[in-house]
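Colleague: one predicted model, sequence on top.
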Amino acid sequence: MPEARTPAQIEADIVRRREQLAETLDEIGVRMHPKTIIGDAKARVASTVDHTAGRAVVAVNRLVTDVKAGLCNEDGTPRPERIVPVALLAVGVVGLIVVSARRKH
């Protein structure tokens, strides 16, 4: 059977619970403050951007490595049979862009 509490114990328990409730309400107030909400949203966006930028850097590095592997031998010397067609294609694309730009003016 539980022991009977004295009025002083009950009062001390009420005071303790009021303090806990006040702390909880203060914490909720801080969490729900517009500046806190905006700050949290900015942090999430920055994290997402950092993550996306990191993935993009990895993808670009992988692409550059793959292109280099396709245009060079294992010892690093260029492979003219692959470089010449790519260079001709690049010149053709630039030429088309220049012609298109001149026609617009």
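Modeller: That came through fine.

Colleague: what about the helix or strand where residue 97 lies, average pLDDT?
Modeller: Under the assignment given by DSSP states H and E, the secondary-structure element containing residue 97 is helix 80-104. Averaged over helix 80-104, pLDDT sits at 91.

Colleague: so which elements touch that helix?
Modeller: helix 34-71 (3 or more Cβ pairs under 8 Å, 6 or more residues apart in numbering; DSSP states H and E). C-betas here are computed from N, CA, C, even on glycine.

Colleague: so what secondary structure elements neighbour the helix it packs on?
Modeller: Helices and strands touching helix 34-71, as assessed by 3+ Cβ pairs under 8 Å, 6+ apart, comprise helix 80-104.

Colleague: what angle sits between the helix it packs on and helix 34-71?
Modeller: Put simply, helix 80-104 runs at 120 degrees to helix 34-71, going by axes from the mean of the first three to the mean of the last three Cα atoms, to 10 degrees.

Colleague: what residues sit buried inside helix 80-104?
Modeller: If you call a residue buried by 16 or more other Cβ atoms under 10 Å, then helix 80-104 has no buried ones at all.

Colleague: returning to that earlier point: just give me how far the helix holding residue 97 sits from the chain centre.
Modeller: Taking Cα atoms, centre = their mean, to the nearest Å, the mean C-alpha location of helix 80-104 is offset from the chain mean by 36 Å.
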